[in-house]
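Student: Give me a model of this one.
(chains A and B)
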Amino acid sequence: MSHDTLPRPVKTGEPPAKPPARRRRGHWSRRANPLAGLGAVIWLAVVLVPIYAMISASLTRQDQALGNNALKPPADPTLDNYNTVLHNGFGHFLANTAIVAAAVVAIVLVLCVPLAHVAVRTRNAWSGSAFRLFLLGVAIPAQAVVVPLYLMIAKLNLYDSLLAVVLPTAAFAMPVSVLILTGTLRDISEDLYEAMALDGASPTRMLFQLVVPLAKGGISTVVIYSALQAWNGFLFPLIFTQSDGPRVLTLGLFNYVSQFGVNIPALLASVVLSGVPIFAVYLVARRALVGGLMGVGGK
Amino acid sequence: MSAGTATKAGRPHAAWALPGVLFFTFFAVAPMALAFYLSFTQWNGLGDPEPVGLANWRKLIDDPRLTQSLTVTVLLTLVSWAFQTVVSLLLGVWAAGRQRNRAILSAVFFVPFLLSSTAISLLFYALLDPNFGIIQQDTLGSTSGAFLAIVFVGGWQFIPFHTLIYQGGARQIPDVLYQAAAIDGAGRYRRFFSITLPQLRNTATTSSVLMIVGSLTYFETVLILTQGGPGTDTAILPYLMYEAGFKSYDFGYASAVASFLVVAATALSLVMVRLTGFGAMRSAREGM
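Tutor: Purely as a prediction, here's the structure:
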């Protein structure tokens, strides 16, 4: 049953006359909605005022900061605060975070892609209960298991190492990753598997030549999601590491509070700096990032 | 799409799922069971846990902080949910339009989500400083101020994400519904309440579940902004657990609190599976 010869396959549920419909939509939605516009502007201020205050304060000289309102622009802008932060281990913390993120993404992909493939392609009690295990896992808060994990990490002699951060972070990124991937893999047509089977392809070849290429969207969502988990991670690094060696960025920031004390401009400079790398990614790959995250919510 | 299980070609061996299942079991599921076991022991972090029967649970039931913490957790979850849902629903529906300024504004709206929770908490810790901040009074020193600050900071961080979810949902509403309504002479607000809102039901469920599960873990925000204070007025359950364990080194008691969290989270996730149809193994719509 090929549609190839038909000019246009008619899908049910689609409005039959598209062009006039579009014009009509334009007609009724072009009238301004002042209330909505006002709301959007208010939210714009809510977003931008703290960001402006942060950047302006990070440029303020420390001796001028106390008693100064954060909204006032700096009288005498300086980059000293950034200098202070960069000389206090910032690069080291950032590198650690990058290592953790890369390792977490790698573990999640290696474990979850085959798992999701099995969950979608086999129908037995076994794969069903494995899938349900991950469904329940979606809501396990890390806080609930951090004490026993602390015991386990200590017994495994992993305490105060990057691996102590990587392993649990990867485990906790798995449930949502499995959900995203099964959602994507279910949309791969059975015909394609059959065609490859006729060609005598092994299951492994199918995974790499069919499933992985067709699940690219879901896979990139999982990459973004698990990298963000690692980027955001605070609790596991806080509890499973102690020394500067394996300290990641979030914890580095947290430690600046006690280190810089009342030096709020330096503290804010560190916050600005921590946002720069991911902001750069956002500028370059906005579509992938935003589209990928929409996928997280959509499933 | 025939079920055709018999014709399924080139099925992967179930063993492919094993490494993932084992890894997840070891680092996420087994610790839950271990937390429950540890709640019946006494352990100060050194040496080995020693069984003490129900002592921790008795202490927990008698602890006035538990009742307070539960109340704060539930209240914080509800208020955050209401705040984030209203704002992200409105912004999401608005951003689903296709005009150019909307695209630019949506890109700006998303920026807070790029900072980590830690960075955001530190940002507001500085901006709420009584000597330096935007509002020069001791916001975090008052119970209601601290509570509202946590709600606001949580919203500031997560509303971008939920706006995105609602934007995706709103774009999937078929145009034809609006055309029909326009022909019937329905006004803008009528269309919003009679078409947009009902059509976003599933999106709202997904988003709400993520919000509720997420607000159970407002740990960084509380630790950095208020340290549970003033007094213990913003000590949500995860923070109570953290204090008992990693400040007082009473890991048995902390595990009792953690077990409490596990029960709450499991109940939530069961509700979630029910409400969102995650478990239905159906093909989800692609391409948002």
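
Student: Just give me the neighbour total for residue A:103.
Tutor: 18 (other CB atoms under 10 Å in any protein chain shown). Every C-beta, even on glycine, is put in place using the N, C-alpha and C of the backbone.

Student: no wait, residue B:138
Tutor: Count around residue B:138 with other CB under 10 Å applied: 15.

Student: quick one: buried residues of stretch A:243-262?
Tutor: Within stretch A:243-262, the residues that qualify as buried are A:246-257, A:260, counting by 16 or more other CB atoms under 10 Å in any protein chain shown.

Student: go on, stretch B:34-52?
Tutor: B:34-36, B:38-43, B:49.

Student: mean confidence score for that stretch?
Tutor: Stretch B:34-52 comes out with an average pLDDT of 90.

Student: again, but for stretch B:271-278
Tutor: On average, stretch B:271-278 scores 67.

Student: again, but for stretch A:196-211
Tutor: On average, stretch A:196-211 scores 85.

Student: Pull out the buried positions in it.
Tutor: Those would be A:196-197, A:201, A:203, A:206-207, A:210-211, for stretch A:196-211 by 16+ other CB under 10 Å.

Student: quick one: stretch A:267-274 near chain B?
Tutor: Yes - with CB under 8 Å from any CB of the partner chain as the measure, stretch A:267-274 is seen reaching chain B through A:267-268, A:270-271, A:274.

Student: And those, which of them are buried?
Tutor: Listed as buried from these are A:267-268, A:270-271, A:274; burial here means 16+ other CB under 10 Å.

Student: could you pull out the helices for the stretch 101-250 of chain B?
Tutor: B:117-127, B:143-171, B:175-183, B:188-191, B:197-199, B:201-215, B:219-225, B:237-242 (DSSP state H, counting those that start in this stretch).

Student: Please apply the same query to the stretch 101-250 of chain A.
Tutor: Using DSSP H, counting those that start in this stretch, the helices of the stretch 101-250 of chain A run over A:125-137, A:142-155, A:162-185, A:190-198, A:203-206, A:212-214, A:216-232, A:235-240, A:249-260.

Student: quick check, the first one touching chain B?
Tutor: Spelled out, that is helix A:125-137. Yes - residues of helix A:125-137 are located near chain B by CB under 8 Å from any CB, namely A:126-127, A:130-137.

Student: For PyMOL, write the selection for the buried entries among those.
Tutor: This is how PyMOL selects the buried members of the residues of helix A:125-137 next to chain B, with burial counted by 16+ other CB under 10 Å:
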select buried, chain A and resi 127+130+131+133+134+135+136+137
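
Student: want to throw the residues of helix A:125-137 next to chain B into a markdown table with pLDDT?
Tutor: Below are these laid out as a markdown table (pLDDT from 0 to 100):
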| residue | pLDDT |
| --- | --- |
| A:126 | 76 |
| A:127 | 74 |
| A:130 | 79 |
| A:131 | 81 |
| A:132 | 80 |
| A:133 | 82 |
| A:134 | 84 |
| A:135 | 78 |
| A:136 | 76 |
| A:137 | 79 |
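
Student: now the residues of helix A:125-137 next to chain B in TSV, with distance to residue A:234?
Tutor: Output for the residues of helix A:125-137 next to chain B, formatted as TSV (distance: CB to CB, whole Å):
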residue	distance to residue A:234
A:126	36
A:127	34
A:130	30
A:131	29
A:132	29
A:133	26
A:134	23
A:135	25
A:136	24
A:137	20
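
Student: tell me, what residue is most central in chain B?
Tutor: residue B:214 (1.2 Å; CA atoms, centre = their mean).

Student: Show me how far stretch B:95-109 is from its chain's centre.
Tutor: Here stretch B:95-109 shows a centroid-to-chain-centroid distance of 25 Å under the convention CA atoms, centre = their mean, to the nearest Å.

Student: Would you mind listing the buried residues in it?
Tutor: For stretch B:95-109, the neighbour count (16+ other CB under 10 Å) marks B:95-97, B:102, B:105-106, B:109 as buried.

Student: Can you pull out the residues in contact with it?
Tutor: Outside stretch B:95-109, the residues that touch it by CB atoms under 8 Å, 6 or more residues apart in numbering or on different chains are A:29, A:40, A:43-44, A:47-48, A:286, B:91, B:94, B:159-160, B:163, B:166-167, B:170-171.

Student: With stretch B:261-271 instead?
Tutor: Outside stretch B:261-271, the residues touching it (CB under 8 Å, 6+ apart) are A:135-141, A:143-145, B:32, B:35-36, B:209, B:212-213, B:216, B:237-238, B:241.

Student: Let's see which of the buried ones among the residues of stretch A:267-274 next to chain B end up in helices.
Tutor: Among those, the residues falling in helices (DSSP state H) are A:267-268, A:270-271, A:274.

Student: With pLDDT and distance to residue A:281 as new columns, can those residues be given to me in JSON lines?
Tutor: Listed next are these as JSON lines, based on pLDDT from 0 to 100; distance: CB to CB, whole Å:
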{"residue": "A:267", "pLDDT": "91", "distance to residue A:281": "24"}
{"residue": "A:268", "pLDDT": "92", "distance to residue A:281": "21"}
{"residue": "A:270", "pLDDT": "93", "distance to residue A:281": "19"}
{"residue": "A:271", "pLDDT": "94", "distance to residue A:281": "17"}
{"residue": "A:274", "pLDDT": "93", "distance to residue A:281": "13"}
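
Student: Can you tell me which of those residues is nearest residue B:125?
Tutor: Checking these against residue B:125 with CB to CB, the nearest one is residue A:267 at 8.0 Å.

Student: got the contact list for the closest one?
Tutor: Neighbour list for residue A:267: A:256-257, A:260, B:122, B:126 [criterion: CB under 8 Å, 6+ apart].

Student: what's the spacing between it and residue B:238?
Tutor: Noted for residue A:267: a distance of 24 Å to residue B:238, by CB to CB, to the nearest Å.

Student: what's the answer for residue A:36, then?
Tutor: Counting by CB to CB - residue A:36 and residue B:238 are separated by 37 Å.

Student: More neighbours: the two, which one.
Tutor: Set side by side, residue A:36 and residue B:238 show more neighbours around residue B:238, with 26 against 16, by other CB under 10 Å.

Student: hmm, back to that, filtering the buried residues of stretch A:243-262 by proximity to chain B, which remain?
Tutor: Among these, chain B is touched by A:249-251, A:253-254, A:256-257 when using CB under 8 Å from any CB.

Student: Also near chain B: which of the buried residues of stretch A:196-211, exactly?
Tutor: Among the buried residues of stretch A:196-211, proximity to chain B is found for A:196-197, A:201, A:203, A:206-207 (CB under 8 Å from any CB).

Student: From those, pick the one nearest residue B:19.
Tutor: For those, the nearest to residue B:19 is residue A:207 (13.9 Å; CB to CB).

Student: ok, now which ones touch the closest one?
Tutor: A:113-114, A:117, B:12.

Student: If we use 6 Å, what do you get?
Tutor: Residue A:207 makes no contacts at all, as judged by CB atoms under 6 Å, 6 or more residues apart in numbering or on different chains.

Student: what's the distance between it and residue B:16?
Tutor: For residue A:207 relative to residue B:16 (CB to CB), the value is 8 Å.

Student: And for residue A:151?
Tutor: 31 Å.

Student: do the same with residue B:190
Tutor: Applying CB to CB to residue B:190 and residue B:16 gives a distance of 52 Å.

Student: quick one, which of the two is more surrounded?
Tutor: residue B:16 (21 against 12).

Student: From what I see, the more buried one and residue A:114 are in contact.
Tutor: Yes - contact criterion CB atoms under 6 Å: residue B:16 and residue A:114 qualify, at 4.0 Å.

Student: Now stretch B:236-250 - C-alpha only, PDB.
Tutor: Only the C-alpha atoms of stretch B:236-250 are listed here, as PDB (Å, rounded to 0.1, in the frame of the first residue of the first chain):
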ATOM      1  CA  ILE B 236      11.400  21.500  54.500                       C
ATOM      2  CA  LEU B 237      11.700  17.700  54.800                       C
ATOM      3  CA  PRO B 238      14.800  17.300  52.800                       C
ATOM      4  CA  TYR B 239      16.500  20.000  54.800                       C
ATOM      5  CA  LEU B 240      15.400  18.400  58.100                       C
ATOM      6  CA  MET B 241      17.000  15.200  56.800                       C
ATOM      7  CA  TYR B 242      20.200  17.000  55.900                       C
ATOM      8  CA  GLU B 243      20.500  18.700  59.300                       C
ATOM      9  CA  ALA B 244      19.800  15.500  61.200                       C
ATOM     10  CA  GLY B 245      22.400  13.600  59.200                       C
ATOM     11  CA  PHE B 246      25.100  15.800  58.000                       C
ATOM     12  CA  LYS B 247      25.100  18.500  60.700                       C
ATOM     13  CA  SER B 248      24.100  16.500  63.800                       C
ATOM     14  CA  TYR B 249      25.600  13.200  62.500                       C
ATOM     15  CA  ASP B 250      22.400  11.300  63.600                       C
END
